[in-house]
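# Show me how the following folds:
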Amino acid sequence: LPPASSPPPDGGGPQATSFMAPLARALVTLSQGPGPAPREDRVPLWDIPEDEISGEYAQRQRMQLESERTGEEIILPGLKAALDKLTYPVFGLDIETIRSLVPVHREAKVNGLTLFQFSVTEQRERGGTLSYHDWLNTTAGNPNRAFLAALRTALGDHGSVLVYTQYEETAFRELLCEFISAGDDSDDVLWLKRFLDSGRLVDHP
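Sure, this is the predicted structure:
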């Protein structure tokens, strides 16, 4: 949360600031306590015994530890076959989102998803040079519509899109539901549906 003295992100003016500040202070107190957030429980990954590493990304974390110890890259069997299935141009996509109990703009819902930034790396042919595209919201109000329009421009209609986890797909499906629930059947929304149904998203081959 921004400091209580910061202007509201939606440009709501003094009235919005006076309303939001006490709530923001209360939420910070509830989540962190009266002082700075404790950090004593944070340790480097390599200080954790491997048999205690668990969860959805445990395998990837163990591989990361092994690579750190040996100084060698880990290339799993099947990687070449997975890469051979990619369709050019190939994109690498990363998005940034926020989900806040306190709505961050006038059109936001409590605990709603706001997509405010993405970065894309593009390679148009195997072994080709890389180009870069990015988008960052700099305006007040709900950025989800502008995010989608910019994403469509960056990714187009063809090519594999590499993501590190399934989070991008999860966020895009939530975004699609948001637009459909609002009765939005614009070209950008229809593109998003086609994109999700196309199988272009590749989760970390």
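
# Let me know how buried W135 is, in neighbour terms.
Applying other CB atoms under 10 Å, we find 20 residues neighbouring W135. C-beta: built from backbone N, CA, C; applies to glycine.

# just checking, T87 is part of a helix?
No - secondary structure assignment (DSSP: H, G, I helix; E, B strand; the rest coil) places T87 in coil, not in a helix.

# how close does it sit to L76?
Taking CB to CB, to the nearest Å as the measure, T87 falls 21 Å from L76.

# any idea of the pLDDT on F116?
We have a pLDDT of 95 for F116.

# May I have the secondary structure class of it?
Three-state call for F116 (three-state DSSP): strand.

# Other residues contacting the helix or strand T97 falls within?
T97 is part of strand 90-99 when elements are defined by DSSP states H and E. With CB atoms under 8 Å, 6 or more residues apart in numbering as the contact definition, strand 90-99 has outside contacts at 104, 111-123, 154-155, 159-164, 167-168, 171.

# in this structure, which spans are strands?
Along the chain, the segments classed as strands by DSSP state E run 90-99, 113-123, 130-136, 161-163, 201-203.

# Out of those strands, which gets nearest to L176?
Ranking the strands of the chain by proximity to L176 (CB to CB) places strand 113-123 first, at 11.3 Å.

# So which bits of that closest one are buried?
For strand 113-123, burial by neighbour count (16 or more other CB atoms under 10 Å) applies to 113-118, 120, 122-123.

# which one of the residues you listed sits closest to S186?
Closest approach to S186 among the buried residues of strand 113-123 (CB to CB): L115, at 16.3 Å.

# Who is that closest one paired with across the strands?
For L115, the beta-bridge partners under DSSP bridges are T97.
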